[in-house]
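Peer 1: How does the following fold in three dimensions:
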Amino acid sequence: MSTDLLGLALLMGLVTYPSRALPMLIPGIHRLPARALDYLRLVGPAVLATLAALATAVTVDDERRTAFHVGIEWPAVIVCVVLIAARRGLLVGTVAAAVVAAVARAAGLA
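Peer 2: I've put the predicted structure just below:
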């Protein structure tokens, strides 16, 4: 297992953390306009969906060549996004996506 992309993952976390942590860091954030609060509530799920889609779509082989991959991960990410939007929570969508991917792999579909 290679740790070449660990720095990139840490950088992505540092870049996205401020927008996700604003409600905890800024006192009185509840006084912002409703539109701003809605935007801040959707940043976390949007970042999670983007990272999940990109992490499963681009692969790097041992010779450092990148390739675009389309597999069972894409339907799993779609299930995750739909459930997050419908239930307004990350847990159910994330677990459902993991189950979709695991079942497909166990059945030999992926």
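Peer 1: Report the rounded mean pLDDT for the helix or strand hosting Met24.
Peer 2: Here Met24 is covered by helix 6-25, with elements defined by DSSP states H and E. Averaging pLDDT along helix 6-25 yields 76.
Peer 1: heads up, I number from 448, so please use that
Peer 2: All set: I'll call the first residue 448, so the last point we hit is now helix 453-472.
Peer 1: Packing partners of it?
Peer 2: Helix 453-472 sits against helix 481-504, with contacts defined as 3 or more C-beta pairs under 8 Å, 6 or more residues apart in numbering; DSSP states H and E. (Glycine included, C-beta is placed from N, CA and C.)
Peer 1: now what about the helix holding Met471, what contacts it?
Peer 2: Contacts with helix 453-472, where a contact means C-beta atoms under 8 Å, 6 or more residues apart in numbering, come from 476, 487, 490-491, 494, 498.
Peer 1: for the residues you listed, which one is nearest Ala523?
Peer 2: Lowest distance from Ala523 to the contacts of helix 453-472 (C-beta to C-beta) belongs to Leu498, with 13.5 Å.
Peer 1: what does the model give that closest one for pLDDT?
Peer 2: Leu498 is given a pLDDT of 69.
Peer 1: just Val528 next, same as before
Peer 2: pLDDT, Val528: 84.
Peer 1: Could I get the phi/psi values of Thr513?
Peer 2: Here is the backbone geometry of Thr513 (degrees, to the nearest 10): phi -90, psi 150.
Peer 1: That one and Leu455: what is the separation?
Peer 2: 13 Å (C-beta to C-beta, to the nearest Å).
Peer 1: now swap in Ser466 and tell me
Peer 2: Taking C-beta to C-beta, one finds Ser466 at 18 Å from Leu455.
Peer 1: Arg488 now?
Peer 2: 27 Å.
Peer 1: From Gly454, how far off is Pro474?
Peer 2: Pro474 is 33 Å from Gly454, by C-beta to C-beta.
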